[in-house]
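A.B. asks: Next one to model:
(one chain, ligands or ions: 1)
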Amino acid sequence: MLRRISALVLAGLTAFAVASCGSEGGGGTGGDAGAGGGTDDTIVMGFSQVGAESGWRTANTKSVQESAKAAGIELKFSDAQQKQENQIKAIRSFIQQRVDVIAFSPVVESGWDPVLNEAKNAKIPVILTDRAVDSQDTSLYKSFLGSDFIEEGKKAGQWLVEEYKDSSDTVNIVELQGTTGSAPANDRKAGFAEVIQADAKFKIIASQTGDFTRAKGKEVMEAFLKSNPDIDVLYAHNDDMGLGAIEAIEGAGKVPGKDIKIITVDAVKDGMQALADGKINYIVECSPLLGPQLMDLAKKVVAGEEVPTRVVTEETTFTQEQAKEALPSRQY
Ligand code: AHR
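C.D. replies: Numbers count the residues shown, from 1 in each chain. Got it, this is the predicted structure:
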């Protein structure tokens, strides 16, 4: 560990260590909380994950953990259970432990400046992964690695516009938003709205958060179905909420993919299976496999090398036919 000496000095002061950071993920490398388990030049990364709310998140956690191992980076992993206060506690703990680099996926966009300033003052570089923060001061982090969520929302809207290009009837849309205040919820909503607003026949008749979970997606879709008898389209900000909504639609005696067309984001295996089965109509990919690029960035940042301030993940889209082809080799 590069900061072993200072970490040893601080060890007595950092009694609460990473184990006190909300729910500690089982995926850490198991080194002692103070000084890490590697040789003196092993890089130690403190990683604060959002939680385990979706199939996407599970795949992302696996990618980060496996890539850290492959890169010889010691990972101190903390699961925030979708709570910003847990992420702030975890980051403060990483600062006290003098890790070499901090990476995190911010549960919401706002409210990070104080803790990011603490990391900056401690001279510990920060890398944002998956989700952005809305800080005006971009010197608070070295790089942001992740998807272009606005583009994802636009792709969802473009499919819809194409799908209904020959119809002049009103298209009633319900929207299941991701976690309130999160970058993917804000941006996927904005990108989608920007595209469909060009044609007045598209109407969003209900829009509510399903917190990116299957259970909440089902619950909110049940409520949508009760109060809106004429839903044509569901736009869900992730596969999990879409899959929960499918259960609600079937429970209401309707056929998902036919009576109600469904667009989701992510393209995890369960979502791709539902797409191949005709229950979802279109999926915009959001790749969770960020681990290898994150570890490369971490090595460069710790070595003092310049890194790009923004690294955008490459992604595609899937129709039902494309899902059938892609499923056998889908990694997550
Ligand atoms: O930030 C990425 C989003 O978070 C994924 O689309 C969603 O499934 C996850 O929970």
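
A.B. asks: ok, residue 271 touching residue 282?
C.D. replies: No: the pair residue 271 / residue 282 is not scored as a contact, 10.7 Å apart, by Cβ atoms under 8 Å. For the C-beta atoms, the positions are set from N, CA and C on the backbone; glycine is no exception.

A.B. asks: which neighbours do these two share?
C.D. replies: Common contacts of residue 271 and residue 282 (Cβ atoms under 8 Å, 6 or more residues apart in numbering): residue 264.

A.B. asks: Neighbour count for these two, which is higher?
C.D. replies: residue 271 (29 against 24; other Cβ atoms under 10 Å).

A.B. asks: So the more buried one lies in a helix, does it not?
C.D. replies: Yes: looking at residue 271 with DSSP: H, G, I helix; E, B strand; the rest coil, it is inside a helix.

A.B. asks: how many other residues sit next to the closest residue in space to it that isn't next to it in sequence?
C.D. replies: Closest residue to residue 271 apart from its sequence neighbours, by Cβ to Cβ, 6 or more residues apart in numbering: residue 239 at 3.0 Å. Residues contacting residue 239 under the criterion other Cβ under 10 Å number 30.

A.B. asks: how about residue 239, what does it touch?
C.D. replies: Residue 239 neighbours (Cβ under 8 Å, 6+ apart): 54-56, 264-268, 270-271, 274, 280, 283.

A.B. asks: go on, residue 320?
C.D. replies: Residue 320 neighbours (Cβ under 8 Å, 6+ apart): 275-276, 278, 280-281.

A.B. asks: just the residues of the stretch 101-250 of the chain that are near the ligand, which are they?
C.D. replies: Selection of the stretch 101-250 of the chain residues close to the ligand by Cβ under 6 Å from any ligand atom yields 130-131, 184, 212, 238, 240.

A.B. asks: From what I see, residue 213 and residue 242 are in contact.
C.D. replies: No: at 11.4 Å, residue 213 does not count as touching residue 242 under the criterion of Cβ under 8 Å.

A.B. asks: Pick out whichever of these two has more residues nearby.
C.D. replies: With other Cβ under 10 Å as the criterion, residue 213 and residue 242 differ in neighbour count, and residue 242 comes out ahead with 30 against 22.

A.B. asks: can I assume that one sits in a strand?
C.D. replies: No: applying three-state DSSP, one finds residue 242 to be helix, outside a strand.

A.B. asks: What ranges does the stretch 151-300 of the chain have for its strands?
C.D. replies: 171-177, 202-209, 233-236, 261-266, 282-285 (DSSP state E, counting those that start in this stretch).

A.B. asks: Format those as TSV; extra columns: distance to residue 116.
C.D. replies: Below are these laid out as TSV (distance: least, Cβ to Cβ, whole Å):
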stretch	distance to residue 116
strand 171-177	26
strand 202-209	26
strand 233-236	31
strand 261-266	27
strand 282-285	30
